[in-house]
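In: I need the structure of the sequence given here:
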Amino acid sequence: MLNLLAGVLPFLLIISVIVTFHEYGHYSIARLFKTRIDRFSIGFGKAIVKIVDKRGVEWCISALPLGGYVKFAGDENIASMSPSAEELEAARESITAREGPAAVTDYFHFKPLWQRFLIILAGPMFNFILAILVYTAISLAVPQSYAPADVALVQPGGPAAAAGFQPGDHIVSVDGHGVQSFDDVAQLVMLRADTRIPFVIERKGQRLTLYATPVRKVMVSQDGSKVTVGQIGLQRTNRIITRSLNPAEALLDGAHKTWQTLDGSLTYISRIFTGKENGTQISSIVGMTKVTGDLTVAVATAKATPLEKARAYLFLYLEMTAVISVGVGFLNLLPVPILDGGHLAFYLYQGVTKKPVSAGFQNAAFRVAVVLILGLMLFAFWNDINNHFGLGR
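Out: Residues are numbered from 1 along each chain as shown. All right, here's what the predicted structure looks like:
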């Protein structure tokens with residue numbers, strides 16, 4: 001419980017940075033298209049800090065810090081659900097009478113469909129951009145150290161031995177994904193338990209394809225949390241490669257790590273829908289806060305100088321920011337009406353059919369989405385109780 005409390009402040013700081021970047025994505029593209037904006041809020045509820053800029057935009061920090069929004073002028077609600085044809089016409093008449101016909105195009109719902117699509121898409125895209133920038137900064141600041149994807153030992157009787165792996169093999173790819181380090185191999189294998197996958201290896205100058213099925217094993221961390229992963233029974237060499245990256249290489253590495261993080265989420269979600277995973281690793285903010293607290297306490301109790309601890313905290317929180325930002329971007333692209341992806345799906349429908357989704361359908365879908373998201377939150381919370389506290393056993 002103490003670790004959970006230790007993670008509250010740093011997790012709130014991390015999530016606030018991510019939300020700010022996400023919402024600034026919406027804001028910046030909306031401003032690019034000269035869209036009127038009423039409010040930019042970090043958090044929900046009552047504003048505790050408020051500043052109005054020269055454009056009339058109200059910038060505020062609100063009482064409930066888990067989230068944020070950009071409110072476009074003329075929106076009835078912060079969800080920016082498309083109004084009905086009758087509501088649009090009433091709004092047009094009101095704006096025209098108040099400000100003249102030229103002002104109508106300043107309002108979000110009267111912008112061309114492609115502009116509204118890009119404004120909404122910008123939020124999740126900025127999450128991925130944030131992750132790339134953070135990973136790039138880390139790659140520039142810290143020389144890369146990794147064990148190459150070389151096999152030192154093969155566990156007798158394990159899946160790797162059955163597949164024909166031998167000491168000295170160099171792994172080139174796993175399930176079609178190119179790998180550089182042994183950690184890359186381990187991460188790909190961990191997400192593919194009970195699934196037969198191809199490994200391309202180099203052995204004595206020749207390339208071979210071996211097939212292995214990772215076995216499912218439960219790993220327990222020091223804090224007692226459980227995670228189920230796939231393993232095939234390989235051990236890496238002790239050789240470590242260390243090298244510094246130039247800015248171009250660091251940027252490519254940042255983009256690659258962002259894609260790796262996103263690909264891991266896509267793989268896990270797809271395996272849930274195909275019945276290969278049960279979703280027990282889906283975590284809520286409680287679990288993420290607990291992990292943040294565990295890592296925070298680990299650094300605090302390490303034998304190191306204050307400067308070394310400060311440096312460790314910086315890179316720890318930066319990496320967590322990148323990982324969570326990718327997750328937020330991915331989540332917001334899901335075609336759920338309450339999320340950005342829901343708006344994008346409705347806009348795509350309108351672009352194909354030339355007719356907007358009816359307000360009645362939007363409202364019904366919005367209610368269903370709220371129920372689904374609440375259900376997912378409860379499911380994730382139950383996972384955290386089981387995985388981190390053992391109260392559900």
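In: alpha carbons only for contacts and neighbour counts from here, please
Out: Fine.
In: go ahead and confirm Y349 touches S358.
Out: No - at 11.1 Å, Y349 and S358 do not qualify as touching, with contact defined as CA atoms under 8 Å.
In: wait, a strand at G275?
Out: No - G275 sits outside any strand when classified using DSSP: H, G, I helix; E, B strand; the rest coil, being coil.
In: that one: how many residues sit nearby?
Out: G275 has 10 neighbouring residues, counting by other CA atoms under 10 Å.
In: and what of N363?
Out: For N363, using other CA under 10 Å, the count is 14.
In: repeat that for the one 10 residues further on.
Out: Look at I373: counted by other CA under 10 Å, it has 14 neighbours.
In: with V297 instead?
Out: As a burial measure, V297 scores 16 neighbours (other CA under 10 Å).
In: contacting residues for it?
Out: V297 is in contact with 3, 6, counting by CA atoms under 8 Å, 6 or more residues apart in numbering.
In: which phi and psi values does it adopt?
Out: In terms of degrees, to the nearest 10, the main-chain angles of V297 are phi -70, psi -40.
In: same check, this time on L4
Out: Torsion angles, degrees, to the nearest 10, at L4: phi -60, psi -50.
In: just the helices in the stretch 201-350 of the chain please.
Out: According to DSSP state H, counting those that start in this stretch, the stretch 201-350 of the chain carries its helices in the segments 247-273, 285-300, 306-332, 340-353.
In: quick one: the closest residue to S265 other than its chain neighbours from V52, how far?
Out: Spatial nearest neighbour of S265, excluding adjacent residues (CA to CA, 6 or more residues apart in numbering): G327 at 7.5 Å. Distance of G327 to V52, computed by CA to CA, to the nearest Å: 31 Å.
In: quick one: which of those two has more around it?
Out: It is G327, of G327 and V52, that has more neighbours when counted by other CA under 10 Å, with 18 against 13.
In: wait, a helix at G67?
Out: No - read with three-state DSSP, G67 is strand and lies in no helix.
In: contacts only, for the residue nearest to it when sequence neighbours are not counted.
Out: Excluding the flanking residues, the one nearest G67 by CA to CA, 6+ apart is G43, at 4.9 Å. Residues in contact with G43 (CA under 8 Å, 6+ apart) are 61-69.
In: widest-spaced pair of these?
Out: A63 and Y69 (13.2 Å; CA to CA).
In: what do these two both touch?
Out: 43-44.
In: more crowded one of these two?
Out: Y69 (20 against 14).
In: do you know how far that one is from L32?
Out: 18 Å.
In: same question, L295
Out: Relative to L32, and taking CA to CA, L295 is found at 40 Å.
In: and the two? which has more neighbours close in?
Out: Comparing L295 with L32 by neighbour count (other CA under 10 Å), the higher total belongs to L295, at 18 against 10.
In: report pLDDT for the more buried one.
Out: We have a pLDDT of 89 for L295.
In: contacting residues around it?
Out: L295 touches L316, counting by CA under 8 Å, 6+ apart.
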